[in-house]
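>>> Any chance you could fold what I've pasted below:
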Amino acid sequence: MAAHAVSLQSAVPHPVDVRVAPALDHRRRLTVAFRWILAIPHLMIVGGPIALAMTWSRTPAGHVDYSWGAGGGVLGAVALVCALIAWVAIIFTARAPEGLSTLAAFYLRWHVRVSAYVALLRDEYPPFGDGDYQAEVELPSLSGPRDRVALAFRPIFVIPQLLAIWLIGFVWAFTTLIAWFAILFTGRYPRVLYEFAVGALRWTTRVEAYVLLLTDEYPPFTLD
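Numbers count the residues shown, from 1 in each chain. Below you'll find the predicted structure:
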């Protein structure tokens with residue numbers, strides 16, 4: 001990854017980090033105009049940005065029902081099931097099956113690349129699966145026994161984070177829409193909105209890594 005990648009470092013670096021090589025000027029307006037259509041094959045597999053993927057549906061009674069998923073997509077659902085199995089395994093053995101963690105990490109790397117593309121942070125079409133891309137996630141290598149007590153209460157601990165990225169998602173969706181129009185008319189992604197979007201992607205990715213048991217470090221409440 002290029003040294004100039006956008007990565008606002010916190011005083012105490014979190015083991016999960018997302019880096020995106022900036023793409024502010026000379027954007028590809030045509031692909032941006034049809035970005036969400038072009039991304040459909042990836043969205044079906046791994047889903048889009050986790051905060052933007054908080055979907056809503058109308059119940060027969062006319063009420064709006066909000067739901068949250070691990071980014072959406074078939075592989076996202078599989079990764080969530082694997083995390084549940086790993087959670088049970090850790091509770092009983094203090095260790096997660098290596099294959100389950102490998103699959104979850106594979107999904108998350110792919111998901112970050114697709115999220116960067118869908119959120120207009122990059123114009124290059126992301127590869128299917130692993131591959132070089134100007135958006136990447138750094139994940140810790142967990143070895144040895146895990147803290148079974150902390151893992152047991154993780155579904156409760158993560159609730160404030162889910163509420164936070166739910167709110168961030170509304171702002172992120174709005175700023176992405178503004179950026180979409182800005183790129184179509186000027187060919188440029190406003191820097192302030194770009195840095196916010198990278199920060200939102202970093203925060204939501206840390207929460208997702210925490211949910212998928214890929215890190216034991218609690219995500220900070222910050223875009224940095």
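
>>> what residue ranges in the protein score low on pLDDT?
Counting by pLDDT under 70, the ranges of the chain that qualify are 1-12, 50-71.

>>> in it, which spans are strands?
Secondary structure of the chain (DSSP state E): strands located at 17-20, 56-58, 64-66, 135-138.

>>> show me the contacts for Thr31.
Counting by C-beta atoms under 8 Å, 6 or more residues apart in numbering, Thr31 makes contact with 38, 123. (Each C-beta comes from the backbone N, C-alpha and C, glycine too.)

>>> Leu43 too?
Leu43 is in contact with 72-73, 114, 118, counting by C-beta under 8 Å, 6+ apart.

>>> Inside helices: which ones of these?
Counting by DSSP state H, these place 114, 118 in helices.

>>> Gln161 versus Arg191, what's the distance?
From Arg191 across to Gln161, the span is 27 Å (C-beta to C-beta, to the nearest Å).

>>> Settle it for me: which of the two has more neighbours?
Gln161 (20 against 12; other C-beta atoms under 10 Å).

>>> residues near His111, how many?
His111: 30 surrounding residues under other C-beta under 10 Å.

>>> ditto for the one 5 residues further on
Other residues near Ala116 come to 27 when the count uses other C-beta under 10 Å.

>>> so what's the residue nearest to it when sequence neighbours are not counted up against?
Nearest in space to Ala116, with sequence neighbours left out and distances taken as C-beta to C-beta, 6 or more residues apart in numbering, is Ala135 at 3.5 Å. Taking C-beta under 8 Å, 6+ apart, we find Ala135 in contact with 18-21, 112-113, 115-117, 121-122, 126.
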